[in-house]
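Visitor: Quick one, fold the following:
(chains A and B, ligands or ions: 1)
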Amino acid sequence: MNTLQLSRLSTDAFNAALFAYIAAMLGYFHFLAFGRKAVWRVASLVAYAGLAAHIGSVVARGFAAGRVPWGNMYEYSSLLSLLVVGGYLLIVEAGFKVKSLGGFALAFSVLTMAIAVTFLYVGPAPLVPALNSYWIKIHVVAAIAGSSLFALGGGVLTILYLVQDRRERSEAAAPPPIMGGSTDVDAPPHFEAGADEPVGATTSRRGLLPPAAVLDRMAYRTIAFAFPIWTFAVIAGAIWAENAWGRYWGWDPKETWSFITWVIYAGYLHARATSGWKGRRAAVIALVGFVSLLVTYYAVNLWIVGLHSYKGF
Amino acid sequence: MSSSSSSSASSKTLRGSVALVWRTLRSMRTALVLLLLIALAAVAGSLVPQAGVSDARIAAMFRDHPFRAELYKRIGLFDVYGSWWFTFLYTLLLVSLAACLLPRTRAMIRNLRARPAPARELDGMRHYAERTISVEPDRAIRRSRRVLRRRLFRVSKSNGDPSIAADKGLAREIGSLMFHWSFFLLLIGIVYGKGTGFTGQAVIVEGGTWTEAHANYDGVIREGSFFNEDHSGVQIHVDSFTATYRPTGQPSDFVTHAELLDPQGNIVKTVDIRVNHPAEIDGVKFFQFGYGWAPVIEVRQDGKLIASGPVVCQQKPPPAGASPLQLPWDCVVKLPSLEPQVGIRFSLWPDSRGLLGLLQTGQAMPMFDVYQPVMTYTAYRGDLLADLPQGLNQLNTAAMKKWTSGTVGAGQTVDLGGGLTVSFPDLKQYTVLEVARDRGLWIVLLAAILVLVGLLPALYSSRRKIWVRAEPNGAGTVLKVGGFALQRTSQFEEEFAKLVDELARASEEKVGAS
Ligand code: HEM
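Guide: Alright, predicted model coming up:
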């Protein structure tokens, strides 16, 4: 196969993966809403199929360019979403045995991939000299792996935790809805009326999203998993920078923002061990870290200019 | 109130406030807040242009918003990472860190010397199980001890009591301590390396030799605050420079072919310096940083040579969408000895088809290689204003008049009039190398490795304790096991159940009985 065919194959497989993810995402959300296990099974299967196509796309891209397939923003994005989906399927679904979160992880990947094809696509080409280094290959793999785990833990799981925690709190604060003749006059009327949906539906829906405490623990585990990987990515990046420019740290925007992300997640890990900061406050720090991650990933590459755009030298 | 009692009261309040500061520094909340503040400061540093990285943007800001720029400058926003408040923040963090770590380290050492302490009440523990087995207590304890050891528990000494205390997971605290202490090592490495080192740039034309010494650097050289002028004196001789491009104009390789020489001028090694592949001699490293064209220009006055040599040309940044390969290279030759003084601006086209394309189609063709190079020139006469500061390739024509202009091809000589001729005998390239010495690198690397190695057990292992007691029960024994975990309690539940089974099984096993 020649370069052009490989490149086309990569694009086709990418699109197939994207559509599979969209379908699986809808399936997962359907499962979250209605709790039909068959739908979940199909969604999960489609997600695995999409993952396989996605892996094919990345590999073909690598052969087309004649190098590792992580050399520009389009390729980073593709790999990032691949790892988020893979991480979700293997860690959350197979590991934690939680079924209901697939829609969110897939939504993140679908968004990332859509942005990648729409705004960031470039044809496969060899690396510019500055990126042609052993260390940057290691660095980028670690950075993408760390990012995808942070996105899963600090983004998806943390948001769900906050949502679920809020719901649990408001339920705990309100009187039980089914008990007729509640004497609590302060209770919101829709709770007294049993709201507009049957009680059974409410409980089954609530039952699908794991309890806040479980989500919290999953978010923590995922972030704790990502943190050393990110640390390693920053170190590998510094080694590369030393090799390329003669200084391991120069506070250029990319370096600065990966440092910021790292410090925020170090803050998160501390918050988990600080009384009064556990739970929601720590979760807010994790979310801030997620925002910082997005800035590191998109804004720095696309808008904030530094000493070295990663072109030419 | 007597003066002595009031002074003792004030010393008490002083001691009280010192203790308060110390306690505050030791608290996790302080560490947390300081970490978040440092993140915030770094955000400011990435949004406001920083000196040394975006000088042009700072200058633009002084022009457009002088008041705001002045304010920013006053509070150090143009140099966040060198500002007093950033230094203050991380110093405070390090002090806080030391305040945290000292007691933790002392406790750790005490803990390492001691043995796991016995417990009195096992059945009140979070995890508790009993097994009735058919061997006598002594043997059950002996066997249990062996099982726990094999499972890498630290086990209490046997003191005749039919009981064991054991614990595991000290690696968590050791790793955490190592991780946190390593930041001091990191700081030492950074301060030592930057303090005793230097970085700067060398501009070397093909065929030239450059000696590593303060005076030979191009532009600013950054020398550390403990640097005592011990420049190495090593030399580098540049044979040639090669830049290769792909047909798309994307650069594929930049190589400086050079020899490295010791201070006495003996060739030590021959090297190819590429992006990502620096060369090193005597702790001094050379990094490929940039390159450009240096036409050899000779100026004669009535046949007498008055200026000659390769002139380093520079390129303007290309407009959006254009490749630098489409732009000419600009340089200036100044002739202050003439009366009136003369300054000549040159624009070099390494491939004359680039210029031709521009003239014919309005669009310069990318120049990948040398092909019949040509220079356009414009000469000015008047006063060079040499007293005013101006850059290498800048010509201040405020006090000059345009005199004449034209083109000169490689190998040609043109007559400017007034007995002045300009020749262009040869075209060379120059290479820009970043030159740096950092003796602290290995310390920084070591600290980074320790950070990473400490982090893993600190995050993933967990402290757990187990107590076993064997009480006689008729001919057999009741094995009582209690335990708890400080972290990962849900995982411990499973581990505990398995362990209890194993202890009971091992105690009853026949084979290998003593
Ligand atoms: C240089 C800045 C600091 C960084 C980057 C940092 C980072 C971290 C990280 C990543 C952890 C989680 C790993 C572990 O459990 O050991 C941690 C834990 C911890 N840090 Fe720090 N830290 C810093 C400063 C401090 C300071 C100033 C204190 C003292 C107040 C401190 C006290 C602790 C404690 C007690 C733990 C253990 C928490 C636990 O057991 O869960 N750290 N730190």
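
Visitor: mind checking the longest helix of the chain?
Guide: All of this refers to chain A. helix A:212-245 (DSSP state H).

Visitor: right idea, wrong chain: chain B
Guide: Secondary structure assigned by DSSP H gives helix B:84-113 as the longest helix of chain B.

Visitor: Could I get the buried residue list for it?
Guide: Going by neighbour count (16 or more other C-beta atoms under 10 Å in any protein chain shown), the buried part of helix B:84-113 is B:86, B:89-90, B:92-93, B:96-101, B:104-105, B:108. C-beta here means a position set from N, CA and C on the backbone, and glycine is covered the same way.

Visitor: Equivalent analysis for stretch B:324-339, please.
Guide: Residues B:325-335, B:338 are the ones in stretch B:324-339 that count as buried (16+ other C-beta under 10 Å).

Visitor: What average pLDDT does that stretch get?
Guide: Here stretch B:324-339 scores 88 as its mean pLDDT.

Visitor: re earlier: got JSON lines for the buried residues of stretch B:324-339, with distance to residue B:269 and secondary structure too?
Guide: Converted to JSON lines, those look like this (distance: C-beta to C-beta, whole Å; DSSP: H, G, I helix; E, B strand; the rest coil):
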{"residue": "B:325", "distance to residue B:269": "33", "secondary structure": "helix"}
{"residue": "B:326", "distance to residue B:269": "38", "secondary structure": "helix"}
{"residue": "B:327", "distance to residue B:269": "36", "secondary structure": "coil"}
{"residue": "B:328", "distance to residue B:269": "36", "secondary structure": "coil"}
{"residue": "B:329", "distance to residue B:269": "31", "secondary structure": "strand"}
{"residue": "B:330", "distance to residue B:269": "36", "secondary structure": "strand"}
{"residue": "B:331", "distance to residue B:269": "33", "secondary structure": "strand"}
{"residue": "B:332", "distance to residue B:269": "37", "secondary structure": "strand"}
{"residue": "B:333", "distance to residue B:269": "36", "secondary structure": "strand"}
{"residue": "B:334", "distance to residue B:269": "38", "secondary structure": "strand"}
{"residue": "B:335", "distance to residue B:269": "41", "secondary structure": "strand"}
{"residue": "B:338", "distance to residue B:269": "45", "secondary structure": "coil"}
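
Visitor: Just the closest of those residues to chain A, please.
Guide: Nearest to chain A out of the buried residues of stretch B:324-339 is residue B:325 (C-beta to the nearest C-beta; 10.6 Å).

Visitor: Confirm for me that that closest one is in contact with residue B:245.
Guide: Yes: here residue B:325 reaches residue B:245: they are 6.9 Å apart, a contact under C-beta atoms under 8 Å.

Visitor: hey, what's in contact with both of these two?
Guide: Shared contacts of residue B:325 and residue B:245 (C-beta atoms under 8 Å, 6 or more residues apart in numbering or on different chains): residue B:368.

Visitor: give the contact list for residue B:405.
Guide: Counting by C-beta under 8 Å, 6+ apart, residue B:405 makes contact with B:376-379.

Visitor: Show me the beta-bridge partners of it.
Guide: Using DSSP bridges, the bridge partners assigned to residue B:405 are residue B:378.

Visitor: same check, this time on the one 10 residues further on
Guide: Beta-bridge partners of residue B:415, counted by DSSP bridges, are residue B:421.

Visitor: separation between it and residue B:423?
Guide: Distance from residue B:415 to residue B:423, counting by C-beta to C-beta, to the nearest Å: 10 Å.

Visitor: Same question for residue A:42.
Guide: As defined by C-beta to C-beta, residue A:42 lies at a distance of 80 Å from residue B:423.

Visitor: For residue 166, I want the exact helix or strand it lies within.
Guide: I went with chain A, as the question did not name one. Element membership of residue A:166, judged by DSSP states H and E, is helix A:158-173.

Visitor: You answered for a different chain; I wanted chain B.
Guide: strand B:163-168.

Visitor: and that strand, what other elements does it pack with?
Guide: Counting contacts by 3 or more C-beta pairs under 8 Å, 6 or more residues apart in numbering or on different chains; DSSP states H and E, strand B:163-168 is packed against helix B:137-150, strand B:154-155, strand B:464-473.

Visitor: any idea of the pLDDT on residue 195?
Guide: You didn't say which chain, so I picked chain A. Value for residue A:195, per-residue pLDDT: 30.

Visitor: actually it's chain B I care about, not the one you picked
Guide: Reading off the confidence values, residue B:195 has pLDDT 90.

Visitor: tell me the angle of the longest helix of chain B relative to strand B:163-168?
Guide: Helix B:84-113 and strand B:163-168 are oriented at 150 degrees to each other (axes from the mean of the first three to the mean of the last three C-alpha atoms, to 10 degrees).

Visitor: what's downstream of helix B:84-113, the next helix or strand?
Guide: Next along from helix B:84-113, by DSSP H and E: strand B:127-133.

Visitor: can I get the CA coordinates of that next one in PDB?
Guide: Provided in PDB are the C-alpha atoms of strand B:127-133 (Å, rounded to 0.1, in the frame of the first residue of the first chain):
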ATOM      1  CA  HIS B 127     -11.700  -6.100  60.700                       C
ATOM      2  CA  TYR B 128     -11.900  -9.100  63.000                       C
ATOM      3  CA  ALA B 129     -12.200 -12.900  62.500                       C
ATOM      4  CA  GLU B 130     -11.900 -16.000  64.600                       C
ATOM      5  CA  ARG B 131     -11.000 -19.500  63.500                       C
ATOM      6  CA  THR B 132     -11.000 -22.700  65.500                       C
ATOM      7  CA  ILE B 133      -8.100 -25.000  64.600                       C
END
